[in-house]
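Peer 1: the sequence and its predicted three-dimensional model are supplied below.
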Amino acid sequence: LLPKDPSDYAKYRGMNMEEVAFDLAWHTVERRSIDWIVENGKCLDSRFEVRKSTIPQAGLGAFATQHIAKGEMIIPATLVHVGDKESLNLYNRTINPKTGEVMKRPLVKDPETGRFTMQEDNSIGKQMLMNYCFGHDESSVLLCPTTAAIVMNHCSTRTKSKGQCSSKHGANAGYRWPEDWSPETKEWLQLSYEELSQRHGRGLVLEIYATRDIAVGDEIFLDYQPGWEAAWEKHVSEWSPPDEDSIFGSYASIKELNDSMEPPRTEAELVVNPLPENAITGCMYTANYEDSYDKFRAGFDWSTLSEYAILENFADDGSEFVWHEINS
């Protein structure tokens, strides 16, 4: 994927970001013959559209755009596997004072000996990806869909009716392993955990299918199972709005800040007009093949440069990023 030599970057000159992204992606795709696709492929022509869910505060949902008969596949869900779900844990970052290494677990200094010891696992949450993966309490493996199947919301006969989700009927879709296609899935299902951990890329796939007839305009629901329901109810019961004097009291979404296209604030401006406490600014510099790579060797300390020096020597012309000219 990455160029072997800085000179290889030359071919990207003149390309826009979409062309660069396509070229990089193309080099990661295993190219299949038309015969292989006809024999093993499945059409991804969506049988549903994505719009606001009928369940309050559920975000987006999937809505049928054609009649889907009971038993028919709605969409295939290709899966990326995560061998150890603990790898999605979130931690407060701690820096090792001797090595500068970022530690997942905090180091605590003993006041008597002066030695640092590592605390036990104290994860503070999970990455958002966890919400979109299939898993099991007794397994460390997660299977994460890579298609629009992830927008299907939860519904079951165990929950109260909300929107089009009926507690009387529950979910109208389910998932199953394919029987007459995807030979890789059949092979991968025979692997041990150790063998699966050595595999890379997409091998497993699920079929999302209709468990009863689905009419045009119906929202499509999956049953996330009791374990998910218990975790959700626990979250709802324990959650409370942040205090106004907390770091989230002045919360603003990063998307909202980016979409505003406001020029970045300098250090002096931030003193009188600070950002919300959940946001920070930073500099991003993308080197090109004409740059002197001596500048970017290990040990180069950007913190020694003022913001004015960074802007004058390294700033983009503004064609792709917000540009704010500063007169020093």
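Peer 2: Thanks, I have it.
Peer 1: which pLDDT value goes with the spatially closest residue to residue 189 that is not a sequence neighbour?
Peer 2: Residue nearest to residue 189 in three dimensions, not counting chain neighbours: residue 177, with 6.9 Å by Cβ to Cβ, 6 or more residues apart in numbering. The way it works is simple: take the backbone N, C-alpha and C, and place the C-beta from them, glycine included. What the model reports for residue 177 is a pLDDT of 95.
Peer 1: shouldn't residue 177 be in contact with residue 188?
Peer 2: No: in this structure, residue 177 is not within contact of residue 188 by Cβ atoms under 8 Å, at 10.1 Å.
Peer 1: more neighbours: which of the two?
Peer 2: In this comparison of residue 177 against residue 188, neighbours counted by other Cβ atoms under 10 Å, the higher total goes to residue 188 at 18 against 12.
Peer 1: what's near enough to touch the closest residue to that one other than its chain neighbours?
Peer 2: Beyond its immediate neighbours in the sequence, the residue positioned closest to residue 188 (Cβ to Cβ, 6+ apart) is residue 203, lying 4.2 Å away. Neighbour list for residue 203: 79, 81, 184-185, 187-188 [criterion: Cβ atoms under 8 Å, 6 or more residues apart in numbering].
Peer 1: redo that, cut-off 7 Å
Peer 2: Taking Cβ atoms under 7 Å, 6 or more residues apart in numbering as the criterion, residue 203 is in contact with 184-185, 188.
Peer 1: pLDDT-wise, what's the bottom of those residues?
Peer 2: Lowest pLDDT among those: residue 184, 87.
Peer 1: what's the spacing between that one and residue 129?
Peer 2: Counting by Cβ to Cβ, to the nearest Å, the separation of residue 184 from residue 129 is 22 Å.
Peer 1: is it true that residue 146 touches residue 75?
Peer 2: No: with contacts defined as Cβ atoms under 7 Å, residue 146 does not count as touching residue 75, sitting 11.3 Å away.
Peer 1: of the two, which one has the most company?
Peer 2: Legend: neighbour count by other Cβ under 10 Å for residue 146 and residue 75, higher for residue 75 (23 against 13).
Peer 1: mean confidence for the helix or strand containing the more buried one?
Peer 2: In this structure, residue 75 is located in strand 73-82 according to DSSP states H and E. In this model, strand 73-82 has an average pLDDT of 92.
Peer 1: if we can go back for a sec, residue contacts, the residue nearest to residue 189?
Peer 2: Applying Cβ under 7 Å, 6+ apart, the residues near residue 177 are 185, 189, 206.
Peer 1: roughly how far does residue 254 sit from residue 272?
Peer 2: In this structure, residue 254 and residue 272 are 22 Å apart, going by Cβ to Cβ.
Peer 1: so between the two, which is more surrounded?
Peer 2: Applying other Cβ under 10 Å to residue 254 and residue 272 shows that residue 254 carries more neighbours, namely 11 against 7.
Peer 1: with adjacent residues omitted, what lies nearest to the more buried one?
Peer 2: Leaving aside its sequence neighbours, residue 254 is closest to residue 279 (6.2 Å, by Cβ to Cβ, 6+ apart).
Peer 1: and the gap between residue 206 and residue 249?
Peer 2: Counting by Cβ to Cβ, the separation of residue 206 from residue 249 is 42 Å.
Peer 1: the more surrounded of the two?
Peer 2: For residue 206 against residue 249, the residue with the higher neighbour count under other Cβ under 10 Å is residue 206, and the figures read 23 against 13.
Peer 1: pLDDT below threshold where in the stretch 201-328 of the chain?
Peer 2: 247-248, 282-303, 307-308, 311, 313-328 (pLDDT under 70).
Peer 1: mind listing the strands for it?
Peer 2: With DSSP state E, counting those that start in this stretch, the ranges of strands along the stretch 201-328 of the chain come out as 205-210, 219-222.
Peer 1: quick one: closest of the ones you listed to residue 154.
Peer 2: Comparing those by their distance to residue 154 (Cβ to Cβ), the top pick is strand 219-222, with 6.5 Å.
Peer 1: what sits up against the closest one?
Peer 2: Taking Cβ under 7 Å, 6+ apart as the rule, strand 219-222 contacts 48, 53-54, 61-64, 74, 152-155, 163-165, 171-173, 175, 214.
Peer 1: could you list which of the residues you listed belong to helices?
Peer 2: Per DSSP state H, helices hold no members of the contacts of strand 219-222.
Peer 1: from these, which land in strands?
Peer 2: For the contacts of strand 219-222, membership in strands holds for 48, 61-64, 74, 153-154, 173, 175, with DSSP state E as the criterion.
Peer 1: ok, so of the residues you listed, who is nearest residue 258?
Peer 2: Closest approach between the ones in strands among the contacts of strand 219-222 and residue 258, by Cβ to Cβ: residue 61, at 25.6 Å.
Peer 1: all helices for the stretch 151-300 of the chain, in order.
Peer 2: 183-188, 193-197, 226-238, 254-259, 267-272 (DSSP state H, counting those that start in this stretch).
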